[in-house]
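>>> Okay, here's the prediction I keep looking at, along with the sequence it came from:
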Amino acid sequence: MRKFATLKTEDKLLMYKEYKQLNLPEIGKEILERWERENIFEKSISNRPASKTIYFL
């Protein structure tokens, strides 16, 4: 069996929360709560140069 990617240390595994079951709606909810709690979107706008326009299509 071919391995495409391996981690060099187990420490990297501990950086991320382990999900016993993949529950995408719950993960999305956690991400949204963090974005709202930490004002991530507002920070991303305030850190962006005013001269750089971004378009969403």
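That came through fine. Residues are numbered from 1 along each chain as shown.
>>> Any idea which helix or strand in the chain has the lowest mean pLDDT?
Scoring the helices and strands of the chain by mean pLDDT, DSSP states H and E places helix 40-46 at the bottom, with a mean of 88.
>>> That helix packs against which elements?
Helices and strands in packing contact with helix 40-46 are not found; criterion 3 or more Cβ pairs under 8 Å, 6 or more residues apart in numbering; DSSP states H and E. (Each C-beta comes from the backbone N, C-alpha and C, glycine too.)
>>> Which helix or which strand is home to the residue most central in space within the chain?
In the chain, the residue lying closest to the centroid (Cα atoms, centre = their mean) is Ile31, at 7.3 Å. Assessed by DSSP states H and E, Ile31 sits inside helix 24-38.
>>> ok so, going back, pull the least confident helix or strand of the chain out as CSV, backbone CA atoms only.
Provided in CSV are the C-alpha atoms of helix 40-46 (Å, rounded to 0.1, in the frame of the first residue of the first chain):
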residue,chain,number,x,y,z
ILE,A,40,-12.3,37.2,12.0
PHE,A,41,-14.1,38.7,9.0
GLU,A,42,-13.8,42.3,10.3
LYS,A,43,-10.1,41.7,11.0
SER,A,44,-9.5,40.4,7.6
ILE,A,45,-11.0,43.5,6.1
SER,A,46,-9.2,45.9,8.3
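>>> sorry, back to before: so how far is the helix holding Ile31 off the chain centroid?
With Cα atoms, centre = their mean, to the nearest Å as the basis, helix 24-38 stands 10 Å off its chain's centre.
>>> And it, what does it pack against?
Going by 3+ Cβ pairs under 8 Å, 6+ apart, helix 24-38 lies up against no helix or strand.
>>> Need the phi and psi values for the closest residue to Arg48 other than its chain neighbours.
With sequence-adjacent residues excluded and distances taken as Cβ to Cβ, 6 or more residues apart in numbering, Arg48 is closest to Ile54, at 7.4 Å. Ile54 adopts backbone torsions of phi -120, psi 130, taken as degrees, to the nearest 10.
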